[in-house]
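Asker: Sequence below, structure please.
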Amino acid sequence: MRRLVLKVGSAVLTTKTGKLATKRLTRLVELITELKQKSEYDIILVSSGAVAAGNTVLKLNKSIISNRQALASIGQPHLMATYKNRFKKRNIICSQVLLEKSLFKDNERLRHARDTIDTLLENGVLPIINENDVTAVDELVFGDNDQLSAYITEHFYSNLLVILTDIDGYYNKNPKIYKNAKLLLNVSKIDECSLDEICSANSEFATGGIVTKLRAADYLMKRNKRMFLSSGFNLEVVKEFLMNRNNINEVRKKGTLFGK
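Answerer: Now for the predicted structure:
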């Protein structure tokens, strides 16, 4: 079995009214279920959405770091319960794993985490990973799990990261501003200037944006790994990509594959 890291962002899991997007979450669960049943992948899910889930219970000013941490603390069990209930109906056991980026600088802690993930996957369990937002202040502000998912892809023996977000892929310029923006289906190199732009996220619950995704892709490509960026609103694209890898260049019209 090949190992797949699948990351879904806050923009996908949050509605415009600030609630957890349960319908989109359910479609994600259905996709993962089908992939586990019909594909050759062991799946690790990296899921944002804890702050948004917490906001459905308690309204706080999210511009204040301590408030965002409090919302993450409230929302994480709610988010996991939502996943657990939906996966249980499909006879899939899921587990919660909270990590911080500092883990990847500590070989002993990393080894224990890797052993745990291996044990979960060997027993058919779906690990659901999120940043430990309550204590990981830097990541809560700047990461939105994009870089974390790239680290997980590298250190937990996966060659492919899939990021589901609110855009169809990577464009040569902002498609929300320029009507003639062109979708890039394949990217093998990212200009340094694109990696240095100021991060901007569309969702008020997100802290990433396209730049953090480009940094994740660049990180992986430099390690001979690949990343696929696709819409979390239209899961048929990523499903087609993952289920038909042998003919993907012939059938794919959306989504961006980073790497050779």
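Asker: contacts, neighbours, all on C-alpha from now
Answerer: Noted.
Asker: lowest-confidence helix or strand of the protein?
Answerer: Least confident helix or strand, the chain: helix 137-142 with a mean of 49, by mean pLDDT, DSSP states H and E.
Asker: Next SSE downstream of that one?
Answerer: Counting by DSSP states H and E, the element after helix 137-142 in chain order, helix or strand, is helix 146-155.
Asker: now the angle from the helix or strand following that next one to helix 146-155?
Answerer: Where DSSP H and E defines the elements, the next helix or strand beyond helix 146-155 is strand 160-165. Per axes from the mean of the first three to the mean of the last three C-alpha atoms, to 10 degrees, the angle that strand 160-165 makes with helix 146-155 is 160 degrees.
Asker: Only alpha carbons, please: show strand 160-165 as PDB.
Answerer: This file holds the C-alpha atoms of strand 160-165, laid out as PDB (Å, rounded to 0.1, in the frame of the first residue of the first chain):
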ATOM      1  CA  LEU A 160       2.300  12.400  -2.200                       C
ATOM      2  CA  LEU A 161       0.500  15.200  -0.400                       C
ATOM      3  CA  VAL A 162      -3.000  16.300  -1.600                       C
ATOM      4  CA  ILE A 163      -4.200  19.700  -0.400                       C
ATOM      5  CA  LEU A 164      -7.900  20.500  -0.800                       C
ATOM      6  CA  THR A 165      -8.800  24.100  -0.700                       C
END
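Asker: what helices or strands is that strand leaning on?
Answerer: strand 2-8, helix 10-13, helix 146-155, strand 226-231 (3 or more C-alpha pairs under 8 Å, 6 or more residues apart in numbering; DSSP states H and E).
Asker: Could you report the pLDDT at the closest residue to L71 other than its chain neighbours?
Answerer: Distances taken as C-alpha to C-alpha, 6 or more residues apart in numbering place G54 nearest to L71, at 4.5 Å, with adjacent residues excluded. Per-residue confidence (pLDDT) for G54: 90.
Asker: same deal with S95?
Answerer: 97.
Asker: L79 belongs to a helix, doesn't it?
Answerer: Yes - counting by DSSP: H, G, I helix; E, B strand; the rest coil, L79 is part of a helix.
Asker: thinking it is in contact with A50, fair?
Answerer: Yes - between L79 and A50 a contact is recorded at 6.1 Å, counting by C-alpha atoms under 8 Å.
Asker: Helices of the protein, start to end?
Answerer: Using DSSP state H, the helices of the chain run over residues 10-13, 22-38, 50-55, 65-88, 107-122, 137-142, 146-155, 192-195, 210-221, 235-243, 248-251.
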